[in-house]
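Q: Attaching a predicted model along with its sequence, questions to come.
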Amino acid sequence: MVVVVSVDEYRAEIVSLLGTAPPVSLPLADCAGLVLADDVLAGVSLPPFDNSAMDGYAVRAADVAGASAESPVELPVGEDIPAGRVDVPELPPGVTHRIMTGAPMPPGADSVVMVERTDGGTEKVRINEAPEPGAHIRHVGEDVQKGSVALPKGTVLGPAQLGLAAAVGLDRLIVRKPLRVLVVSTGTELVVPPRPLKFGQIYESNSITLAAAIRALGCEAEIAMSIDDVGMFRRAIEPRLGEFDLVVTTGGVSAGAYEVVKDALTGMDVRFQKVAIQPGGPQGNGRWNGIPVVTLPGNPVSVLVSFEVFLRPALLTALGHSNVDRHRVRARLTEGLKSPAGRRQFRRGYYWQREGEVTGEVGPRGGPGSHLLAAFTQANCLIVLPESVADVPQGAEVDVLLF
Ligand SMILES: Nc1nc2c(c(=O)[nH]1)N[C@H]1C(S)=C(S)[C@@H](COP(=O)(O)OP(=O)(O)OC[C@H]3O[C@@H](n4cnc5c(N)ncnc54)[C@H](O)[C@@H]3O)O[C@H]1N2
Ligand code: MOO
């Protein structure tokens, strides 16, 4: 008798199979989307020195205390301090230095007057406004203190985080290593575009789908193909196993006479089982010569749903993410749906929220068939119909996983 494993149990199995990737040092440019495996300590303060927030004039506020448009105060301009000047001269009393945004404040100065509040003079300058003491100064360490944790371990590296790493002086980061994944499409009927199709053949699409989904998480994906021949499948993949952290196959796992993946891997450390999910029921996973392997069913929508439900959370966990789930919301069904009792059905849907309403609405895109790839392209979510229901009426509230 075939044992049917629940969606949650099977997901936990795949998460545990992939484990956690080891730490690796990568150049900043290769870290986008990855997760810090260690705290990042600031090697410098930010700002590293007191500097001007405006183009203008560095002054002692007391020297221009009475300045106004009606009675400007005139001061001699001592020095010019552009950004990047490293030998910053002191500001004597009764003098101003012209200063640019980002330039170091001269010792003695306590405020900056914007150039717009002056006549812009270069020898002497007329100042039309009395600055608040401290005006337009950005203070050392205001943003980050030298030696403090600028980015904690577990941070997901987006544009702001990568920018901060560079700003505190780093060119590399210790991140969870992106997995190298081999995607293997199996099927004698498959033809790679744009070669012409004969009757009975179809264009291969699963590898494109999976490689895109895997790369979008920050992992590396390579593609291989095999016809439904056990010997050829083994010869194509086995010698390359050492190059990868994970092999994902599609097709050849159900109940037919030519199930290449099942036939090639049965007897190894790989288990084939039925999961209480629709689509994506026939699944397998384990290790092939020690390398984790996940075998997905061949139907294109089964591939995408299996990726969403099992592989995506497992890959994100391996990469060190703590938030591995899609955002889940409640929505009212715009039409009734049927679902196989005892299995969790994931239907492709389109979710939207009317202005001012708390609960959104969701309508299916396409039927339950796992070959309906075009309908998937119109979806922005998966509708989750639990194992306990067979009929969900129009207007019922359901869980929706937003892409
Ligand atoms: N007697 C039974 N038959 C089937 C069962 C079952 O339980 N008993 N399960 C069905 C379900 S559910 C699924 S899902 C499929 C899974 O079958 P396989 O994993 O063996 O996949 P294939 O038969 O190789 O392919 C299924 C389908 O997908 C097309 N395909 C495969 N690979 C690709 C690709 N790379 N690009 C595009 N399309 C692909 C293939 O041509 C088939 O049409 O089994 C059911 N049958
Ligand atoms: O599970 Mo199959 O994936 O329903 O089409």
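A: Perfect, I can see it now. Ligands and ions are numbered 1, 2, ... in the order given.

Q: Roughly how far does the nearest residue to residue 187 once chain neighbours are set aside sit from ligand 2?
A: The spatially closest residue to residue 187, leaving aside those adjacent along the chain, is residue 251, at 4.8 Å (Cβ to Cβ, 6 or more residues apart in numbering). For glycine as for every other residue, the C-beta is placed from the backbone atoms N, C-alpha and C. Distance, residue 251 to ligand 2, using Cβ to the nearest ligand atom, to the nearest Å: 11 Å.

Q: My guess is residue 251 contacts residue 260. True?
A: Yes - using Cβ atoms under 8 Å, residue 251 is in contact with residue 260, at 7.5 Å.

Q: what residues are shared contacts of those two?
A: residue 186 (Cβ atoms under 8 Å, 6 or more residues apart in numbering).

Q: hang on, the earlier thing: over to the residue nearest to residue 187: give its phi and psi.
A: Dihedral pair for residue 251: phi 90, psi 170, per degrees, to the nearest 10.

Q: what's around it, how many residues?
A: 26 (other Cβ atoms under 10 Å).

Q: what's the answer for the one 3 residues further on, then?
A: Taking other Cβ under 10 Å as the criterion, the count of residues near residue 254 is 15.

Q: Could you pull up phi and psi at the closest residue to it other than its chain neighbours?
A: Residue nearest to residue 254 in three dimensions, not counting chain neighbours: residue 282, with 4.5 Å by Cβ to Cβ, 6+ apart. Residue 282 adopts backbone torsions of phi -80, psi 120, taken as degrees, to the nearest 10.

Q: Relative to residue 143, how far out is residue 282?
A: To residue 143, residue 282 is 54 Å away according to Cβ to Cβ, to the nearest Å.

Q: what about residue 194, which helix or strand?
A: Using DSSP states H and E, residue 194 falls within no helix or strand.

Q: Number the residues from 32 up from this point.
A: From this message on, residue numbering opens at 32, which makes the last subject residue 225.

Q: From residue 234, how far out is it?
A: The value you get for residue 225 to residue 234, if Cβ to Cβ is used, is 9 Å.

Q: higher neighbour count, these two?
A: Legend: neighbour count by other Cβ under 10 Å for residue 225 and residue 234, higher for residue 234 (13 against 7).

Q: close enough to count as contact, the more buried one and residue 218?
A: No - between residue 234 and residue 218 there is no contact, the gap being 11.0 Å when judged by Cβ under 8 Å.

Q: For ligand 1, what's its nearest residue on the stretch 82-231 of the chain.
A: residue 216 (3.6 Å; Cβ to the nearest ligand atom).

Q: can you pull out the helices in the stretch 232-381 of the chain?
A: 237-247, 261-268, 291-296, 331-337, 343-349 (DSSP state H, counting those that start in this stretch).

Q: Pipe these into a markdown table and attach mean neighbour count, distance to ligand 2 and mean pLDDT per row.
A: Formatted as a markdown table, the helices of the stretch 232-381 of the chain follow (neighbours: other Cβ atoms under 10 Å; distance: least, Cβ to the nearest ligand atom, whole Å; pLDDT from 0 to 100):
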| stretch | mean neighbour count | distance to ligand 2 | mean pLDDT |
| --- | --- | --- | --- |
| helix 237-247 | 19 | 12 | 98 |
| helix 261-268 | 16 | 21 | 97 |
| helix 291-296 | 24 | 14 | 97 |
| helix 331-337 | 25 | 3 | 98 |
| helix 343-349 | 23 | 17 | 98 |
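
Q: quick one: which of the ones you listed is nearest residue 170?
A: Among the helices of the stretch 232-381 of the chain, helix 343-349 comes nearest to residue 170, with 39.0 Å by Cβ to Cβ.

Q: Low-confidence bits of the protein, can you list those?
A: Low-confidence segments of the chain (pLDDT under 70): 32.

Q: For ligand 1, give me its nearest residue in the stretch 232-381 of the chain.
A: Counting by Cβ to the nearest ligand atom, the stretch 232-381 of the chain gets nearest ligand 1 through residue 329, at 2.6 Å.

Q: correct me, but that residue touches residue 237?
A: Yes - Residue 329 lies in contact with residue 237 (Cβ under 8 Å); the separation is 6.9 Å.

Q: quick one: common contacting residues for those two?
A: Common neighbours of residue 329 and residue 237 (Cβ under 8 Å, 6+ apart) are 281, 282.
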